[in-house]
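>>> Can you look at this prediction? I've put the sequence above it.
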Amino acid sequence: MLKMMSRKIILYLVLILINISSFAQSYEVYAEFKGIRPANPAIAKDGSIYVTMHPMDGADVSVMKVDKKGKHTPFPTKEWASNPKNNGIGIVNAFGIQATEDNKLIVLDWGDKENQAKIFIWDLTQNELHKIIYIPRFIRDKNDFLQDFAIDQKRNMIYIANMGRADLLGEQTPSIIAINLNTGQSKRLLEKHASFLADDNVIYIDKEPLTVTTPEGKKALKLGLNPITIDPQNKWIYYGTVNAGYLYRIKSEILADFSKSNTELSQSIEKYGPKPASDGISIDNQGNVYITSISENGIGVTTKDNYRLLFSNAELSWPDGISYGADGYFYATINQLHKAAALNGGKDRSKGTYKLIRFKSLSKSKIGR
């Protein structure tokens, strides 16, 4: 009898643990977007949420602030969040965005033919422009496609994931653009490194291949370096391709040393763990790298030599950017990017609303991830 009771107790405890685990891995919809496609979120230390609008749609407004009721307004002003005029005020094509521990909001604007790519930094405490750093043309290539970035807040460095292949089908020329935020000194690193290149495997979403419609018909998209983050200790930079494969990492202090050659840098790269096709990553204190899995309509976690799916749902169609908030939640955008008009012969196949979701972190992290 005692043995039977012990077994029942153990089974009961196991069921409790399973329920706790399931609860920890659920998510909620925090905000919805109608007619404007969100790209990447950033959460400031006071909990304020900022989101870039995806330039693939030719967004009229580049950055929005989202309040607790889900309402979103242009930030910091409509003039700054719109295309630049002759006075130089404005943002053209915003992708990456992060908030820092000293309360700055950093936005990457990859520009266009008329406007130079730049890093826009807004002081959230003073509510004023802090700095603009223009990215030199001499380290840019005409087919560059600047995406997400990681900020080393210890060394005040920014590492931009340049996917290359802005035309989506041309030569792969991915690289990391490293910029010292104090001096503005910059360098193009590790162009065409093997860990930056997309493999030949086709990405499938809802059993359909990820393609772009061209005059010659549909062609499979194979996308390289894009997701990138830095751990809360400002030690390791983690990165990967959009295509499935592996996450890699390299120490920030090594990337920040502009005296090192690409050969020296490549010798310092480590393989971390497997990942599915994904668009964004973030990380916590325990080395859990959170993956926005576009092939699984969900969020997963990569650890050393391992990957597991946290949750999945059909409504999570193309989870894109992800960022940590001081409230202990990760926030992620859901934007159906594979259904955008630019990839479908000019016809937008998106349905319903785009979303900003949040879920509880498995462990604590820091803002700016």
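Right, received. Where do you want to start?
>>> only C-alpha atoms for contact and neighbour calcs from this point on.
OK.
>>> where does the stretch 251-369 of the chain dip in pLDDT?
For the stretch 251-369 of the chain, applying pLDDT under 70 flags no range at all.
>>> Strands of that one, start to end?
270-275, 278-283, 289-293, 298-303, 306-312, 319-324, 329-334, 354-360 (DSSP state E, counting those that start in this stretch).
>>> how much distance is there from the third one to the middle of the chain?
It stands for strand 289-293. 9 Å (CA atoms, centre = their mean, to the nearest Å).
>>> same question, the second one
Strand 278-283 has its average C-alpha position 5 Å from the chain's average C-alpha position, going by CA atoms, centre = their mean.
>>> Give the pairing partners of it; include direction for each.
strand 289-293 (antiparallel) (DSSP bridges).
>>> Next, the angle strand 319-324 makes with the strand it pairs with.
Between strand 289-293 and strand 319-324, the angle comes out at 160 degrees (axes from the mean of the first three to the mean of the last three CA atoms, to 10 degrees).
>>> picking that back up, need the strands of the stretch 251-369 of the chain in CSV with distance to Lys207 and mean neighbour count, can you?
Below are the strands of the stretch 251-369 of the chain laid out as CSV (distance: least, CA to CA, whole Å; neighbours: other CA atoms under 10 Å):
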stretch, distance to Lys207, mean neighbour count
strand 270-275, 18, 19
strand 278-283, 16, 29
strand 289-293, 14, 28
strand 298-303, 15, 23
strand 306-312, 15, 16
strand 319-324, 16, 29
strand 329-334, 18, 28
strand 354-360, 21, 23
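>>> right, so of the ones you listed, which gets closest to Thr213?
Among the strands of the stretch 251-369 of the chain, the nearest to Thr213 by CA to CA is strand 278-283 (20.3 Å).
>>> With distance to Val63 added, can I get the strands of the stretch 251-369 of the chain in CSV?
Listed next are the strands of the stretch 251-369 of the chain as CSV, based on distance: least, CA to CA, whole Å:
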stretch, distance to Val63
strand 270-275, 29
strand 278-283, 18
strand 289-293, 21
strand 298-303, 24
strand 306-312, 28
strand 319-324, 14
strand 329-334, 14
strand 354-360, 14
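>>> quick one: pLDDT of the residue lying closest to Ile43 once chain neighbours are set aside?
Distance criterion CA to CA, 6 or more residues apart in numbering; nearest residue to Ile43, sequence neighbours excluded, is Ile49 at 4.6 Å. pLDDT, Ile49: 97.
>>> For Ile49, give me its contacts.
If you count contacts by CA atoms under 8 Å, 6 or more residues apart in numbering, Ile49 has them with Pro41, Ala42, Ile43, Lys65, Val66, Asp67.
>>> Most neighbours of all these, which one?
Ala42 (31 neighbours; other CA atoms under 10 Å).
>>> mind listing what Asn115 touches?
Asn115 touches Val92, counting by CA under 8 Å, 6+ apart.
>>> try the one 3 residues further on
Under the criterion of CA under 8 Å, 6+ apart, the contact list for Lys118 reads Leu108, Asp109, Trp110, Gly111, Ile132, Ile133, Tyr134, Ile135.
>>> And Glu128, by the same measure?
Trp122.
>>> now it, which residues is it bridged with?
Under the criterion used (DSSP bridges), Glu128 bridges to Asp123.
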